[in-house]
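>>> Predicted model, plus sequence, below.
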Amino acid sequence: MESKKGISIGGTLIWYYYICKREVWLIGHGIEPEQDSDYIALGRHIHEIFYQRRKKELSIDNTIKIDILPGRRVIGEIKKSSRYLESAKMQVAFYLYYMKREKGVDMEGLLLIPEERKRIKVSLTPELERELEETVKNIEDILEMERPPSAVKIPYCKKCAYRSMCWA
């Protein structure tokens, strides 16, 4: 989604916004994480293995990639665990918001956590829409910064592919 300031914002930035503002800046400025991270590889593996017969990945406007469950108007998002549930829910809500706002299509959202056998329904409410609009504005502000926000040590740092850029 292109913001009012012409900045391209997708689901990944929404997800990271709820975890680490510094990572939003790094990703938004095209700084690549360590590609040999075990956690990145595990995430890709889970996405490739689970639900392959029951989903189709679509790229929309070269901005977002969503998983559509066939035969239904459902956006599915696969996550390794429910550890960052708020971030994952907001990512799905963003996809719903994007489809409604940019494409005029109302859809349902489903967060899939195969290792925990969880399926969590996500619905776009007026409150979520307002929160997403504020989040997009905050992401724009972060991306316009000359330098990344200061590093803040959080539990996520242990598994972050950018950790060497913050704590080396």
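Received the coordinates, thanks.
>>> Return the set of residues that bridge with residue 118.
Note on residue 118: beta-bridge partners by DSSP bridges are residue 113.
>>> How about residues contacting stretch 17-27?
12-13, 16, 33, 84, 86-87, 90, 135, 138-139, 142-143, 145, 148-152, 154, 156, 160, 162, 165-166 (Cβ atoms under 8 Å, 6 or more residues apart in numbering). To be clear about C-beta, it is placed using only N, CA and C from the backbone, and glycine gets the same treatment.
>>> Please pull out the lowest mean pLDDT helix or strand from this protein.
Lowest on mean pLDDT, DSSP states H and E among the helices and strands of the chain sits helix 38-49, with a mean of 50.
>>> Keep only those of the contacts of stretch 17-27 that are in helices.
Mapping the contacts of stretch 17-27 onto helices (DSSP state H) picks out 12-13, 16, 86-87, 90, 135, 138-139, 142-143, 165-166.
>>> Mind checking which of the residues you listed are buried?
By the neighbour-count criterion of 16 or more other Cβ atoms under 10 Å, these include these buried positions: 12, 13, 16, 87, 90, 135, 139, 142, 143, 165, 166.
>>> and the residue lying closest to residue 166 once chain neighbours are set aside, how many neighbours?
Of all residues not flanking residue 166 in the chain, residue 151 sits nearest, at 3.8 Å (Cβ to Cβ, 6 or more residues apart in numbering). Residues contacting residue 151 under the criterion other Cβ atoms under 10 Å number 16.
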